[in-house]
Each structure stands twice: as structure tokens, then as C-alpha cells.
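In: Prediction below, plus the sequence it came from.
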Amino acid sequence: MKWNLRDIVITAVLATACGAIYLAWDLLYKFLPTGLSPVAAASFNGLWWIAGAIVPYIIRKPGAALLAESIGGFVEFALGSPYGIQAFTIGIAQGLTIEMGFALGGYKRYGLPWMLFAASLGTVGNYVYSYFYYGVNQYTALEQIGYFVVTLISGAVLAGLLSKWVGDALKRTGVLRNFEISRSTASSR
């Protein structure tokens, strides 16, 4: 469970790439019609925490989700996110709750159901942060429930499923042979 330099480097590289993806997602999100319901717009949310799922899936170490999301959010902010410093701080909130999912699995469960579960927990960090800083508290009760449920599904699919799919594809190429994903049999649980 101890981190080594290779783990830190791959975390930084993947999280930085994700931060650039987050910025592109920010800009795409700005093109959504202004009259779009907040529930429909919530379907975009899960991609903003893919770093918090893909990095732990590959290196399988405590703290990976939090570190990856913190780096990704900082890069998104540094590249000029229209959300400013909040791109970084919401990343920390999402990373913390994803980290809880992997901790609940003892950092040993990485099969598809667990990836969907752990990644979907980013919803909790997103919701709490968005409630106080992005106006979710002004939604009707039904809109808040819808926002939470759609964000939960988005997190499971865009962060959990996509991370597992990309991680497994990279593993098959052999580029991850020196990482825990390639040494562990836990990827099928």
C-alpha cells in the first residue's frame, strides 16, 4: 500500500490530463441551453471526477482518489476554468467522497460493481458543494432529488464505467504492467 515514485508520476500525469478534459467539459457545458432543467444538466457532472476513479483503479493506493481529484481540479483552475478556484475546491470535495468508496472496499475491491459504487459517491461531494456554492439550494425539492439521482448515475457511468473501461484497455496494451492493476486479481471482483 506504500506509494512509490512511479505511482506519484502516473497520478500527476493522468490527473493533469483529466484537468485539461475538465476544462474542455467546462467550456462545452457553457453551451447548454439556458432553459435546460438542472436535472438534465446534471447528466454532465460525472465526467468532472473521472481522475478520482481512474487513478485509484490503476495504482490501488489509499489517497489516490483525493490526490488525483485535487490535482485535476487545480489544473482545471490553472488553465482558466470559468469556475475559478471553485474548480479546485469542488474537486477536493468530490475526491474525498470517492476516496470513501475505495476505503469502504479496503482498497481491494475494483470490479465493475465497486467502481460504479465508488465513483458514484463523488455525487455526495458534488451535491453538498453545489448546494452551497452553485445554487442547488434554490432548486425545488423535486429538482434537488432529480439533480442528485441524475448526478449519481452520471458519476457511476462517466467516472466509474469509463475509468474501468479505459484502465482495462490500457492494461491490455501492457503499458500498466508495473502498476498494481496488472499485479492484482481484484479487477474482476
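Out: Structure received.

In: per-residue confidence for F74?
Out: pLDDT recorded at F74 is 98.

In: same question, I71
Out: Looking at I71, its pLDDT is 98.

In: so which helix or strand takes in it?
Out: helix 64-78 (DSSP states H and E).

In: Starting from that helix, tell me the next helix or strand along the chain.
Out: Heading C-terminal from helix 64-78 (DSSP H and E), you reach helix 86-104.

In: So which bits of that next one are buried?
Out: For helix 86-104, burial by neighbour count (16 or more other Cβ atoms under 10 Å) applies to 86-91, 93-102. Placement of C-beta: from N, CA and C, glycine included.

In: what does stretch 19-35 give?
Out: So for stretch 19-35, counting by 16+ other Cβ under 10 Å, buried means 19, 21-23, 25-26.

In: who's in contact with that stretch?
Out: With contact meaning Cβ atoms under 8 Å, 6 or more residues apart in numbering, stretch 19-35 is reached by 41, 44, 47-48, 50-51, 71-76, 78-83, 87.

In: so where's the protein uncertain?
Out: Applying pLDDT under 70 to the chain flags residues 185-189.

In: Any idea which residue is closest to the centre of it?
Out: Closest to where the C-alpha atoms of the chain average out (Cα atoms, centre = their mean) is W49, at 2.0 Å.

In: Pretty sure it sits against I98.
Out: Yes: in terms of Cβ atoms under 8 Å, W49 counts as a neighbour of I98; the distance is 6.2 Å.

In: now the angle between helix 64-78 and the longest helix seen in the chain, please.
Out: Secondary structure of the chain per DSSP state H: the longest helix is helix 5-29. Between helix 5-29 and helix 64-78, the angle formed by their directions is 50 degrees, by axes from the mean of the first three to the mean of the last three Cα atoms, to 10 degrees.

In: Quick one: residues in contact with whichever helix or strand comes after helix 5-29.
Out: The C-terminal neighbour of helix 5-29 among helices and strands, as given by DSSP H and E, is helix 38-41. With Cβ under 8 Å, 6+ apart as the test, helix 38-41 has contacts from 29, 32, 136, 139, 143, 146-147, 150.

In: Please repeat the previous calculation with a cut-off of 7 Å.
Out: Here helix 38-41 makes contact (Cβ atoms under 7 Å, 6 or more residues apart in numbering) with 32, 139, 143, 146-147, 150.

In: got the CA positions of that helix in PDB?
Out: Provided in PDB are the C-alpha atoms of helix 38-41 (Å, rounded to 0.1, in the frame of the first residue of the first chain):
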ATOM      1  CA  PRO A  38     -30.900  21.500 -13.700                       C
ATOM      2  CA  VAL A  39     -31.800  17.800 -13.600                       C
ATOM      3  CA  ALA A  40     -30.900  17.300 -17.300                       C
ATOM      4  CA  ALA A  41     -27.800  19.400 -16.900                       C
END
